[in-house]
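Novice: What follows is a predicted structure for the sequence shown.
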2 protein chains.
Amino acid sequence: MDVYGTPLKPSLHEWTDLIEGIVETGDSPLVGEPIYNLNREDTREFDAIIIGGGAAGRFCGAFLKARGGRALIVDKWPFLGGSCPHEACVPHHVFSDAARELDLSRLMAGKLWYDKEWKDRKVSILEVRDLFLSGRGLAHALMNLQTKDQLNVEYILNTPAKVIDKNTVEIAGETFKTRSIVLATGARTQLPDIPGLEQKGVYDFATLISDLDYEPSKCVIIGGSKIAIEYGSFFNAAGIPTTILTRSGLMSPNSLHHVDDDLRDFVVDGMKVRGIEIIQGIEPLEVTGDGKQVSGVRYRTADGGEAFVEADFVFIATGEKPLSAPFVDALGVEVDGRGNIQVDWTCETSVKGVYAVGDLIGPPLEMFKARKTGTVAARNIMGEHFEWDYTDFADFLHSTYEVVWMGLSEKEARAKYENVVIIKMPVDGIPPEDFALPAGDGSMFIAMARPELSGFFKIVFDGDSRKLVGAHYVGFGVKNAFQYLEVLMKQGITIDELGQVNELFLNDLIPQLCRLRAGNAVLRDL
Amino acid sequence: MDVYGTPLKPSLHEWTDLIEGIVETGDSPLVGEPIYNLNREDTREFDAIIIGGGAAGRFCGAFLKARGGRALIVDKWPFLGGSCPHEACVPHHVFSDAARELDLSRLMAGKLWYDKEWKDRKVSILEVRDLFLSGRGLAHALMNLQTKDQLNVEYILNTPAKVIDKNTVEIAGETFKTRSIVLATGARTQLPDIPGLEQKGVYDFATLISDLDYEPSKCVIIGGSKIAIEYGSFFNAAGIPTTILTRSGLMSPNSLHHVDDDLRDFVVDGMKVRGIEIIQGIEPLEVTGDGKQVSGVRYRTADGGEAFVEADFVFIATGEKPLSAPFVDALGVEVDGRGNIQVDWTCETSVKGVYAVGDLIGPPLEMFKARKTGTVAARNIMGEHFEWDYTDFADFLHSTYEVVWMGLSEKEARAKYENVVIIKMPVDGIPPEDFALPAGDGSMFIAMARPELSGFFKIVFDGDSRKLVGAHYVGFGVKNAFQYLEVLMKQGITIDELGQVNELFLNDLIPQLCRLRAGNAVLRDL
């Protein structure tokens, strides 16, 4: 199918029907047929062929085009945008909103219009998943439409790309030449090396979307990644008893940087208060079952014994592995022990002219890094030398809360600075159940009904330079804020300058609490 | 009662009992008795006596103390913090969270776990009010405790202050000398000059908290202020048919600055979609009734006729007037035609050594201005010449959404710059019901179920300098962000620099959409 040169055709709905015919129903004549948005009258060589049209590849193509280059994006799926709108970030946020609403209903059970039955009520997770699916087609369609009609980037979808050499890619039997190649095929769940995973009842974030066809009644999560916390909080909030089996604990320094101990405690204790069982120090041994349906998980305990936990739903959250193997074979790009393609700060691989971006190059597997590495590769391909170090960044996850953090934890700050000043809430010396702060948009009911669960925050200063060096928040409505606060922190904003920020009250408390201390020549904790 | 020199005594609960005994039950022996937190062994003159211990006065006292000065705060209420935790900002946010949850339940009626009956269900607003009241005592107590034990500021509460002259204040029969006076008694609802307001059934935001004792069944709001939008959205979401009678329309340029037309349309149309009747161009004539209970409101219509709307609940939202009269009498401070005390950018009034801060000095009646003018007065009293112009600021209100805006509207930008570039969502050319953006934390269900109601955003650039000059957002989770984005905008951040911000995805869309355009030498709309 050729869609090139058809401005605003296909329409959004035509794109939706086209994609859903391939992905959802599988009954379209276009199954297995490439979708070409290719200007065959343009005889210029491609500046880049981008293998993979997810966030990283799509932003690479858009930026390269904006800089006057010619890009071709290829994806095996019939849509651009990759796993995010299909099965990853977007459903994750639908589930997190569900977790938040369900948690609020349970905390408020018997108060206001919240029925008492919320204490024990179980709700359908299939219905939540299906609500997401009902809107997915339009999201896919929008990516195709925007990339074609607004960003004017060429692409070929619904067909795999085969890399022949660093200047040659074969797509649907046709050979395309290019000045450079950008690898952007992402990552997939890293399954643990244990028996029993082939049985029905084992899912990850992707197959939960595509395959789940029953309502689980008991969930075991193997792994302690962000996904374990996020999806576990949702399953539990939906009323499914949930156990998390994790080697190194939740929000462990092995997997996440700069996590403050008090922040972790608030998050993990909050999960336990809500009934999630968290068993750490374990080694998974086997997903048990009759060969068809899972019955539970056998694991080695922290003290070396063996134990078993029953489940009809086993969710794998042990992290992800990059889909780099075909490029090692075809191009010989260097990878690390986990298969992550090795790149320099320009995103160039060990093979000159071959770039890799997004999840393929290893942690963090976050959207900002995917998209921005796409633009970094594009800049360098178009002749600008541009380096970007993404190893320090504001981070987040969801439990039933938004959890955001950046800069140094209190412990890290104390190791680095002699005079660390902390502002936090709840404050020490007052029982948290008497202390309904932090509170703001989204947490007022919790603050009134269960003050100790309203949230947590801590900001960390170097008391000598008076500079903000870390910020840590659990609550609602602060995730977006940390995007911009990170910029200000990296600029070196001081407590005095933060005290000058105009708060939009009720807010995250940061400007006003800084202001209460900013008047002092010698800073003290608050 | 003397609480000075009793560190961490009274405890939070003792403060709560003490305050509630006076405010809620009125049966305490302390009714009418001053509460002294006064160091009588300190013989220094006061640098400032602060009349009014709300946000402005309390921050003034804290900053002055931090700078080594001696401050005394006096308040007629037995608690510090003023109207905000007592009857204004805090209950407003409880009601706004209620409006949001109720609206979500209605939009989702019949989907997931949301009963079909949500389409018509009426809920109790007394119960929401009472939920707020159940937590209010601890909030009051915290202000007293923090100010005494953490900030070490002296105060006398539960008694009025009488200003004798610019260096003398009489408090509970005792005369105190001071180097300067800070006036911080705030504002109260400005009632319209119409008959019938004395009847039962007429409320404002304050008496709603203190006096309402029935469930309204039909609401009329007189006025078009922020409060009209915020409280009207709550009443309506609770299932009370609501009519807003307003002279100049909602979000009018007469009352709010920099409101973008498309933003206003999204908010006001969204209120209408939810069933709020908005009648503008009117002049209220009379609150009708039998002398005891209201029956409705008679008003002059835009075309000069007369009309009547029935109601058992009339809510006044016509703005506020400053409580400045006693200070005009005692000190001769200059006021404007509305009674706002006139100050320069140091917050000094026409009487040297007398300062005025907070709502007393006129718009904006916002927390950031109250608190920061408190610190501005403190700085100047302590010998630092410090001027602060608060006339340009990021602003917000709630409908069932968070609505935030800053900088120039599109129209203002086009008047000022030749080459204005707009990024907005929903985009033109795609029906909003097909376009589930913006979406993020808090709006995922709406985005999936009712895409056209998921939100709105527009950012405005001067295309030549590439600088951000305005930002406008309707949705959730962006209010805190605009605090810091305002700082960056005032620094002159460009679209290219915004494109370098690390997004915490799913986010407000701003960094990534800027990035999609930032690659272009010549900027275009998106």
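Specialist: Happy to help now that I have it. Keep in mind the model is a prediction, meaning the values are calculated, not measured.

Novice: list the contacts for A:V3?
Specialist: Applying C-beta atoms under 8 Å, 6 or more residues apart in numbering or on different chains, we find A:V3 in contact with A:K9, A:P10, A:I35, A:Y36, A:N37, A:K148. (Each C-beta comes from the backbone N, C-alpha and C, glycine too.)

Novice: what number of residues lie near the fifth one?
Specialist: Okay, so that is A:N37. If you count neighbours by other C-beta atoms under 10 Å in any protein chain shown, A:N37 ends up with 23.

Novice: next one: phi and psi at it?
Specialist: Reported as degrees, to the nearest 10, the phi and psi values for A:N37 are phi -120, psi 80.

Novice: Quickly list what it is bridged to.
Specialist: According to DSSP bridges, the partner residues bridging A:N37 are A:Y155.

Novice: roughly how far apart are it and A:L145?
Specialist: Spatial separation of A:N37 from A:L145 under the definition C-beta to C-beta, to the nearest Å is 10 Å.

Novice: Of the contacts of A:V3, which one scores lowest on pLDDT?
Specialist: Looking at pLDDT alone, these dip lowest at A:K9, where the score is 74.

Novice: burial count for the residue of the stretch 251-400 of chain A found nearest chain B?
Specialist: Per C-beta to the nearest C-beta, the residue of the stretch 251-400 of chain A with the smallest distance to chain B is A:M367, at 3.5 Å. Taking other C-beta under 10 Å as the criterion, the count of residues near A:M367 is 24.

Novice: Which residues of the stretch 1-150 of chain A lie near chain B?
Specialist: Where proximity means C-beta under 8 Å from any C-beta of the partner chain, the interface of the stretch 1-150 of chain A facing chain B comprises A:8, A:12-13, A:59, A:62-67, A:84, A:89-90, A:93-94, A:96-98, A:100-102, A:104-105, A:111-113, A:121, A:123-124, A:127-128, A:131-132, A:134-135, A:138-139, A:142, A:145, A:150.

Novice: Measure how buried the closest residue to A:M406 other than its chain neighbours is and give me the count.
Specialist: In this structure, A:M406 finds its nearest non-sequential neighbour in A:A394, 3.6 Å apart by C-beta to C-beta, 6 or more residues apart in numbering or on different chains. Here the number of neighbours of A:A394 (other C-beta under 10 Å) works out to 26.

Novice: Surely A:A394 is in contact with A:F482?
Specialist: Yes: shown here, A:A394 and A:F482 form a contact pair, counting by C-beta atoms under 8 Å, at 4.6 Å.

Novice: Is A:K321 in a helix, a strand, or coil?
Specialist: Using DSSP: H, G, I helix; E, B strand; the rest coil as the criterion, the local structure at A:K321 reads strand.

Novice: Contact partners for A:I51?
Specialist: Per C-beta under 8 Å, 6+ apart, neighbours of A:I51: A:G57, A:V74, A:A161, A:V163, A:V169, A:I181, A:V182, A:L183, A:A184, A:T185, A:F327.

Novice: Need the buried ones from the residues of the stretch 1-150 of chain A next to chain B selected in ChimeraX.
Specialist: Selection command for ChimeraX covering only the buried members of the residues of the stretch 1-150 of chain A next to chain B, criterion 16 or more other C-beta atoms under 10 Å in any protein chain shown:
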select /A:12,59,62,63,64,65,66,67,84,89,90,93,94,96,97,98,100,101,102,104,105,111,112,113,123,128,131,132,135,138,139,142,145,150
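
Novice: which ones among the residues of the stretch 1-150 of chain A next to chain B are found in helices?
Specialist: In helices, judged by DSSP state H, the following of the residues of the stretch 1-150 of chain A next to chain B are found: A:12-13, A:59, A:62-66, A:84, A:89-90, A:93-94, A:96-98, A:100-102, A:104-105, A:127-128, A:131-132, A:134-135, A:138-139, A:142, A:145.

Novice: top strand in chain A by residue count?
Specialist: With DSSP state E setting the assignment, residue counts place strand A:467-475 as the longest strand in chain A.

Novice: Show the subsequent helix or strand relative to that one.
Specialist: Per DSSP states H and E, the first helix or strand lying C-terminal to strand A:467-475 is helix A:479-491.

Novice: pretty sure A:A237 is touching A:R274, no?
Specialist: Yes: when contacts are counted by C-beta under 8 Å, A:A237 is listed as touching A:R274 (7.2 Å).

Novice: Which neighbours do the two have in common?
Specialist: With the criterion set as C-beta under 8 Å, 6+ apart, the overlap between the contacts of A:A237 and A:R274 is A:D103, A:R106, A:T400.

Novice: Could you count how many residues lie near A:A307?
Specialist: By the criterion of other C-beta under 10 Å, A:A307 has 15 neighbours.

Novice: What residues are bridge-paired with it?
Specialist: Judged by DSSP bridges, the bridge partners of A:A307 are A:Y299.

Novice: residues in contact with it?
Specialist: The contact partners of A:A307, by C-beta under 8 Å, 6+ apart, come to A:R298, A:Y299, A:R300, A:T301.

Novice: what about 10 Å?
Specialist: Under the criterion of C-beta atoms under 10 Å, 6 or more residues apart in numbering or on different chains, the contact partners of A:A307 comprise A:L245, A:I279, A:I282, A:L285, A:V297, A:R298, A:Y299, A:R300, A:T301.
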